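>>> Following is a predicted model, sequence given first.
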Amino acid sequence: MSDTYLRSAFKNWISVPGKATAEAIPNDRIDAYVNALKFSSTKLIGAKVRSTDLFSFVTTEEFAEAKKIIEGAPNFSHIDKAGNSAFSDALAYYAKFLEEITLPVCWLFASNPKTYDIIPAVQELSTITWRLDQKDRAIKRNDKVYLWVPGVDGGIVASGTVLGPPEDKDPLRNDPYVIESDLFFERFTGVDIRLDRRFTNPLVSRNLLLADNRTQTLEVLTFPGSSCYSVTAEQEVAIEKLIEGGYYADLLASASAKGEESEEISTPPGDKCIRTRRYWIFSPAENAKVWEDFYTHGYIALGLDALGDLKQYASRDSLKQMMKSKFGSGRNYKHLGNVAWQFAEEMHVGDIVYFGSGAQKLLGRGIIKSDYTFDLGRKVQRNVRTVAWTNKGEWLTEPRVMRRALTDITPFSEYCRELEEMVVGPFDSGVSDDIDAPSFPSYSKEDFLHDVFMEESEYDSLRELLISKKNVVLTGAPGVGKTFLAERLAYSIIGEKDSERIKMIQFHSGYNYDNFVMGYRRTAAGDVLTTGVFYNFCKEAEADDKEYFLIIDDIGRGNLSAVFGDLITLLGNESRGQALRLLYRDEQFFIPENVYIIGTMNTAIENAALTDYSLRRRFAFYEISPAFESPAFIQYKNSIGSKKMDRLVKVITDLNKSISLDTAKSCGFLIGHSYFCGGPKIDDNRLDAITKYELLPLIHTYFSAQPDQDRLWTTKFTAAIKS
């Protein structure tokens, strides 16, 4: 960092209320601090520091040593007093500033599947080099980072530690996961990341993050389109909670605090643990020789008999070490060790497996029928799984993923659908009728009322509105838990947490008819007509009598007329079941009676988003208000027993009343109750963090053109959290 940068950065930092002091510091005083750090050291006697311009010190260790020398100078107190203590105050503030900017922070890096094959890279590498869009981001050594796969079925696939600041990198000529040729031949700006944990079995899905009030505000969900996002400390804690499966633990703790019986809360694993079917391509080295035997006798086998029972190994690393012992130390066995681990530990009954030959050919498709076994009754090929083969033939596929002996293609949902349609045929569900459907945790009206701060009469009205109208948009201010409520409402109608009958997507400005209903996608073989998420969802629901729910988060961010296109006429409850010829092919399409659409929309953008009244009349609108004064929230607040929270909630309700009376501001500017729900246990430290890092920045945004109101409410919020 240059001197100028640190001087400007410090001045910006100290100008923000809540950083150096709770209240705003006058501009003339800020200038005095900046000048003291820049020039006052030149007046000291006997203080031998590396530089008298203290903005050249960029680490806490360096500055702490310099500060000790400066304060020990014989005339320090005289100079400090002459500046009305500006020098000593500035030293203390600068130390705090350095500590804050050098502390490890958390980032989320979004991958681009068109340039890098991230799933197998994460599974098999220990360190990954990541390309950044720009070099001047404040990314530094020891920062934490989550790696993200975009898309409707995307999510977090790994977490790691940044090993150094952004720097120019040589081309990745030896990286087998590079897809874009530019990375092979051109230098780029990037960072090295040590991969600490992997979440490809399953990934931490965007639907899970959207459904949780603690993580639905992640920038990658609210403002998608970038490649690098900052993650707040509160969001990081929430993500870790979800990774650890802490969702139900939070509910149990909440119930205990309320004096309820824990048996009333469903205790099976949380949303993260609800398994959905996975898809694999199995391509053993001698595929031509073994395929006929596999198909005839209904199994697949990995070989590697010398390793014995693969279940005896506690980790991938222990498998790899045994491979070195048995097969020689000339290889690191990272790919083969991962394949063996997945075959034994990650495949499950009901998963789909394709038998692959070479890089592009498929010879068969089947359904996993048994758990892994090490069969001592066999002379060879003892590591086996039973398979019910459903299809046999030869199909050529696009080389969309790099094949190993065993490749998990589940994260590539569009590719999985293409393979299914190519091998099985469009939406043929009969081949899997002999596989037991997965069981899901039950979810009732009582569970909904426990999870959501809503009165029973309100729930009954909302449920009846959705059932009768078919399409409902939940409106309200940010932070009232609209997305969380939408998913729980769907679960309560279904009667269980059946993730296969709920699809959650998020609209944005780039969403269009082609990726929502049907359109052409450019491939190596030319333009191919592909179906979109809504078309596919309707076809899945068409074969079932049960309710299916499409949840569209931020529905107002899309151009709804362009996204729905000619299907607008089919949306209304009176038009369900009526058919319409599609735009791109000669097909009569209809929206099934059992498909329900729940949208969420911030009140502030409602009027601007739904100006097409022919579309608007097909939706009902239900406003979700902050629940601070509801009996359920008051009971929840009282169970916590925090005077600091009581004061903070009082300030928020006062602010909400003030905003409601302000004709220049809509109800979309109200502050919701979800800031205090979910996440770690509410205590003084968490309340401080919520105020400093979430509420105060929101206040500064709301009143950016009203500095007097900004100072007034900043002072009130700061006073509320003082011990």
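Nice, I can see it. Residues are numbered from 1 along each chain as shown.
>>> how much space between residue 100 and residue 405?
Residue 100 sits 48 Å away from residue 405 when distances are taken as CB to CB, to the nearest Å. The way it works is simple: take the backbone N, C-alpha and C, and place the C-beta from them, glycine included.
>>> Mind checking which of those two has more residues around it?
Neighbour count, other CB atoms under 10 Å: between residue 100 and residue 405, residue 405 has more, with 21 against 12.
>>> Let me know the pLDDT of the nearest residue to the more buried one once chain neighbours are set aside.
If you skip the residues right next to it in sequence, residue 405 has residue 339 as its closest partner in space, 4.6 Å away by CB to CB, 6 or more residues apart in numbering. Looking at residue 339, its pLDDT reads 89.
>>> Below-threshold pLDDT in the stretch 101-250 of the chain: ranges please.
134-137, 152-153, 180-184, 201, 244-250 (pLDDT under 70).
>>> let's see it at 90
Per-residue confidence for the stretch 101-250 of the chain (pLDDT under 90) gives these ranges: 101-105, 111-127, 129-143, 149-155, 163-190, 196-235, 237-250.
>>> mind listing the helices for it?
Under the criterion DSSP state H, counting those that start in this stretch, the stretch 101-250 of the chain contains helices at 118-124, 182-185, 206-210, 219-222, 233-243, 247-257.
>>> just the stretch 301-450 of the chain next, same as before
Counting by DSSP H, counting those that start in this stretch, the stretch 301-450 of the chain has helices at residues 316-327, 334-341, 413-423, 445-451.
>>> Distance to residue 124 for those helices - can I get that in a markdown table?
A markdown table is the format used below for the helices of the stretch 301-450 of the chain (distance: least, CB to CB, whole Å):
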| stretch | distance to residue 124 |
| --- | --- |
| helix 316-327 | 9 |
| helix 334-341 | 5 |
| helix 413-423 | 19 |
| helix 445-451 | 39 |
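>>> With respect to residue 552, which of these lies nearest?
helix 413-423 (17.5 Å; CB to CB).
>>> before we move on, back to that, which one of the helices of the stretch 301-450 of the chain lies nearest to residue 91?
Across the helices of the stretch 301-450 of the chain, closest to residue 91 is helix 316-327 (CB to CB), at 48.4 Å.
>>> That closest one packs against which elements?
helix 334-341 (3 or more CB pairs under 8 Å, 6 or more residues apart in numbering; DSSP states H and E).
>>> Just want the angle from the helix it packs on to helix 316-327.
Per axes from the mean of the first three to the mean of the last three CA atoms, to 10 degrees, the angle that helix 334-341 makes with helix 316-327 is 110 degrees.
>>> who does helix 334-341 touch, helix- and strand-wise?
helix 118-124, helix 316-327.
>>> Relative to the whole chain's centre, how far out is that helix?
Here helix 334-341 is found 27 Å from its chain centre; the criterion is CA atoms, centre = their mean, to the nearest Å.
>>> Number the residues from 45 up from this point.
Will do, 45 is the new start, and the previous item becomes helix 378-385.
>>> Show the contacting residues for residue 686.
726-728, 731 (CB atoms under 8 Å, 6 or more residues apart in numbering).
>>> Can you list the buried residues in the strand or helix carrying residue 80?
Taking DSSP states H and E as the criterion, residue 80 maps to helix 71-83. Neighbour-count burial for helix 71-83, counted by 16 or more other CB atoms under 10 Å, picks out 74, 76-78, 80-82.
>>> Low-confidence ranges, the stretch 645-767 of the chain, go.
645-663, 667-755, 757-767.
>>> where along it do the strands fall?
664-667 (DSSP state E, counting those that start in this stretch).
>>> now the helices for it?
Using DSSP H, counting those that start in this stretch, the helices of the stretch 645-767 of the chain run over residues 650-653, 657-660, 675-684, 687-705, 728-734, 740-746, 751-764.
>>> will you turn these into a markdown table that also has mean neighbour count and distance to residue 632?
Below are these laid out as a markdown table (neighbours: other CB atoms under 10 Å; distance: least, CB to CB, whole Å):
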| stretch | mean neighbour count | distance to residue 632 |
| --- | --- | --- |
| helix 650-653 | 15 | 30 |
| helix 657-660 | 12 | 22 |
| helix 675-684 | 15 | 47 |
| helix 687-705 | 16 | 49 |
| helix 728-734 | 17 | 53 |
| helix 740-746 | 16 | 49 |
| helix 751-764 | 16 | 57 |
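>>> Specify the stretch among these that is closest to residue 532.
Among the helices of the stretch 645-767 of the chain, the nearest to residue 532 by CB to CB is helix 675-684 (13.8 Å).
>>> tell me the mean pLDDT over stretch 336-356?
89.
>>> Compute the first-to-last residue distance for it.
End-to-end distance for stretch 336-356, by CA to CA, to the nearest Å: 30 Å.
>>> ok, now stretch 259-266?
10 Å.
>>> Run the chain-centre distance for it.
Once both centres are worked out by CA atoms, centre = their mean, stretch 259-266 turns out to sit 7 Å from its chain's centre.
>>> what's it in contact with?
Residues from elsewhere that reach stretch 259-266 (CB under 8 Å, 6+ apart): 152, 154, 192, 250, 253-254, 270, 273-275, 279, 282-283, 286, 522, 527-528, 550, 597-598.
>>> Can you say which of the residues you listed are buried?
152, 154, 192, 250, 253-254, 273, 275, 279, 282-283, 286, 522, 527-528, 550, 597-598.
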